[in-house]
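> The sequence and its predicted three-dimensional model are supplied below.
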Amino acid sequence: MTGKRKSSSRNPKTTKKRNTPQQTKSVEKSAKNEEKVQLDYLVVEKIASLTELKFAPDLFQELVSSTFAKALRSFYLEKKLTLSIDISYSEDANLDSEWPHITVLSISGLSRQSKEEIKMDDDENLNKAIEHIFARFPQIHLKIEGMDVVDSEEVACIISDALNITRNVTIKTLEITSFYSVIIDCQRLIKKLSRNLQVLNLYISDPVDQGQSSKKFWQTVNSCTKLAKLSVVTDYTLMMEETEEPFEAENLLVMHITNCLKQLKIKHFRTNLQNGEEEERTMEWLISAFAKNENLRELDVDTYFESGCYLGDLMNVEDGPLVLSRLESLKIRSSSFDKHRTDWIPIVEKILTALSSRAILKISVQYCKKDVGDILQMYLKISHRTARRIKLRLLFWKKDAGAIATFETALHQLSSVKEFRGLKTISYGKWTRLFYGSANLMVKAHHGSM
């Protein structure tokens, strides 16, 4: 059967087109539809969580497409980034230049084992890098380190300026490790963060009081209304070697901190600062600082018997029993020399009886030697006599290879001591709980630092 061919009514004329290469068509189509690509955010986040992400390369990955950039940034929103700024002199730098030091930005927290270091040698690059980081990560733990910083205030200003540009970032934790004069230069930065700052850790290399500057600095700290945890720890080894009249300077510093603490309603405080005359320096000043603070729940103190500093008789200080009764946890970092002191056991027992029955005393004994058995017996007896809970951590030098075996032997031998017949032990992971009479002692041994 034959018939006429039906012609097209739309375009009766035929137009000859030039053939376009298939590859070019593909590129043009990709470019045209780039904004229409729908990425699965969950897939991107999964890939990111399994990859050792690095911040600097990710900036270039964001250029793939705006949608891909949004997916990456959605992954960043859930991350709590730790940003460490370490500033020191560059060996090759010109000391007469405006920026005679090198800055290392350490970034961690993108993934489980992700850690990145970015080096820069001028303030402009530092400013841009910090702005990029603040623009992408809303939750940042900020660390500032630097023993040789000349213009430390400049660094604090760079961070403050970056915060002005990127308003969506919240820094709740600030940690500064440096000379006291450098820490004071960060006053403007702390004031900038005061609205949201919850944790402030200050590690002072030399507690040299800076007069009015020191007073103003602690007034600024006092303006941090949401501050819940404060740490003020000094390096006594460096202080004793390099500071003239170190005790007098420290007493002035303690005075300013005490005035600040009387107004702050923090829940957790850590320090190793001492006060008093050279031969009678204690930490009894803590009681007057916290007498009116009903929020304090955790007190963390470092005692140094070798340098003449010790906790002191807190129970004989006015309001001492009241402050201790409010605590849920009291942590004392000490040395193995404590067992040789005649006043140590009575002091610890008085403290335990002042604590509530729900509270726990945490003792960390640093750099133990072969006297582990004596230390175990001492705290087991204290726990038994006071019927209070003690959590004991024994720290050994890393190079002491047989330390853990020594600890386990001492622990095993306790049950053979006539005085401790009926002793029972139960393992909870790395911890061992000892039950004897009214005692409730948990103990753990490990290498490393406190």
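Here it is on my side, so go on.

> Flag every buried residue along stretch 275-283.
If you call a residue buried by 16 or more other Cβ atoms under 10 Å, then stretch 275-283 has these buried ones: 275, 276, 281, 282, 283. Using the backbone N, CA and C atoms, a C-beta is placed for each residue, glycine as well.

> which two in those residues are spaced the farthest apart?
The distance between the two most remote of these (Cβ to Cβ) is 9.3 Å, for 276 and 283.

> ok so, going back, dump the buried residues of stretch 275-283 into TSV; add pLDDT, distance to residue 331 and secondary structure as well.
As requested, the buried residues of stretch 275-283 are arranged in TSV below (pLDDT from 0 to 100; distance: Cβ to Cβ, whole Å; DSSP: H, G, I helix; E, B strand; the rest coil):
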residue	pLDDT	distance to residue 331	secondary structure
275	86	20	strand
276	79	22	coil
281	78	20	coil
282	83	17	strand
283	88	13	coil
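
> Quick one: those residues as TSV, columns for distance to residue 430 too.
Formatted as TSV, the buried residues of stretch 275-283 follow (distance: Cβ to Cβ, whole Å):
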residue	distance to residue 430
275	36
276	38
281	35
282	33
283	30
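
> ok, these vs residue 172, which is closest?
Ranked by distance to residue 172 (Cβ to Cβ), the buried residues of stretch 275-283 are led by residue 283 at 27.8 Å.

> got the contact list for that closest one?
With Cβ atoms under 8 Å, 6 or more residues apart in numbering as the criterion, the residues that contact residue 283 are 271, 273, 274, 275, 301, 303, 309, 310, 311, 312, 314.

> Of these - the most surrounded one?
The member of those surrounded by the most neighbours (other Cβ atoms under 10 Å) is residue 274, with 27 neighbours in all.

> Take the contacts of residue 283 and write them to JSON lines, including distance to residue 136.
Output for the contacts of residue 283, formatted as JSON lines (distance: Cβ to Cβ, whole Å):
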{"residue": "271", "distance to residue 136": "35"}
{"residue": "273", "distance to residue 136": "38"}
{"residue": "274", "distance to residue 136": "43"}
{"residue": "275", "distance to residue 136": "45"}
{"residue": "301", "distance to residue 136": "39"}
{"residue": "303", "distance to residue 136": "43"}
{"residue": "309", "distance to residue 136": "44"}
{"residue": "310", "distance to residue 136": "48"}
{"residue": "311", "distance to residue 136": "45"}
{"residue": "312", "distance to residue 136": "48"}
{"residue": "314", "distance to residue 136": "47"}
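
> Tell me which two in these are the farthest apart.
Using Cβ to Cβ, the pair of the contacts of residue 283 lying farthest apart is 273 and 314, separated by 14.9 Å.

> At which residues are the strands of the stretch 301-450 of the chain located?
Counting by DSSP state E, counting those that start in this stretch, the stretch 301-450 of the chain has these strands, from start to end: 329-335, 360-366, 389-396, 424-428, 431-436, 439-447.

> Ramachandran coordinates for residue 297?
phi -120, psi -20 (degrees, to the nearest 10).

> Please enumerate the helices of the stretch 251-400 of the chain.
Using DSSP state H, counting those that start in this stretch, the helices of the stretch 251-400 of the chain run over 285-290, 320-326, 344-354, 372-386.

> ignore the last one, the stretch 101-250 of the chain
Counting by DSSP H, counting those that start in this stretch, the stretch 101-250 of the chain has these helices, from start to end: 123-136, 152-165, 180-184, 187-193, 212-222, 236-242, 246-261.

> Out of those helices, the one nearest residue 331 is which?
Checking the helices of the stretch 101-250 of the chain against residue 331 by Cβ to Cβ gives helix 246-261 as the closest, at 17.5 Å.

> what's the spacing between the closest one and its chain's center?
Distance of helix 246-261 from the chain centroid (Cα atoms, centre = their mean, to the nearest Å) equals 23 Å.

> got it, and stretch 160-180?
On the basis of Cα atoms, centre = their mean, stretch 160-180 sits 14 Å off its chain's mean C-alpha point.

> do stretch 400-410 as well
In terms of Cα atoms, centre = their mean, the gap separating the centre of stretch 400-410 from the centre of its chain is 30 Å.

> Touching, residue 367 and residue 375? I think so.
No. Residue 367 is not in contact with residue 375 according to Cβ atoms under 8 Å; the separation is 11.8 Å.

> These two - which one has more neighbours?
Regarding residue 367 and residue 375, a neighbour count based on other Cβ under 10 Å identifies residue 375 as having more, with 21 against 14.

> Contacts only, for the closest residue to residue 329 other than its chain neighbours.
What sits nearest to residue 329 in space, not counting adjacent residues and going by Cβ to Cβ, 6 or more residues apart in numbering, is residue 298, at 4.7 Å. Each residue near residue 298 by Cβ under 8 Å, 6+ apart is listed here: 267, 268, 269, 327, 328, 329, 330, 331.
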